[in-house]
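A.B. asks: Model the structure of this input:
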Amino acid sequence: MSKRGWRRKFEDTIPLPDERKLVTLRGAATYITALPKKDSALPEWQNAIEALMLMVRLNGPTMFARIGVMKALHRGHVREFNPDRKDHNWGKRRLKRDQ
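C.D. replies: Residues are numbered from 1 along each chain as shown. Take a look at the predicted model:
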């Protein structure tokens, strides 16, 4: 693979909602350009396009482009705190002398 240009691979692939994966910068650019005009005009997708172009032009780390695409893909998702997810360790520790 080329060290420069659109053929560069992401460190981690980007999973898409339709079970496909984006592997290279060219794949991400093709996916974005295939979006409907209404979706690709959103600011999140415009930021992702700009990040892709900067990574190709300046040969920067592909992680920035990956972050841009992931943020655009998950733009409507809001993470919620789930307190039942992990048990707290408060009060479970004992001192050596109390055992």
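
A.B. asks: If you count neighbours, what's buried in the lengthiest helix in the chain?
C.D. replies: Ranked by residue count and defined by DSSP state H, the top helix of the chain is helix 43-58. Neighbour counts over helix 43-58 (16 or more other Cβ atoms under 10 Å) mark 44-45, 48-49, 51-52, 55-56 as buried. Bear in mind the C-beta positions are built from the backbone N, C-alpha and C, glycine included.

A.B. asks: pLDDT and distance to Glu19 added to the residues you listed, as JSON lines?
C.D. replies: Converted to JSON lines, the buried residues of helix 43-58 look like this (pLDDT from 0 to 100; distance: Cβ to Cβ, whole Å):
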{"residue": "Glu44", "pLDDT": "94", "distance to Glu19": "22"}
{"residue": "Trp45", "pLDDT": "94", "distance to Glu19": "21"}
{"residue": "Ala48", "pLDDT": "94", "distance to Glu19": "20"}
{"residue": "Ile49", "pLDDT": "94", "distance to Glu19": "23"}
{"residue": "Ala51", "pLDDT": "93", "distance to Glu19": "24"}
{"residue": "Leu52", "pLDDT": "93", "distance to Glu19": "22"}
{"residue": "Met55", "pLDDT": "91", "distance to Glu19": "25"}
{"residue": "Val56", "pLDDT": "91", "distance to Glu19": "27"}
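
A.B. asks: This structure: helices as residue ranges?
C.D. replies: Counting by DSSP H, the helices of the chain are 25-33, 37-40, 43-58, 62-73.
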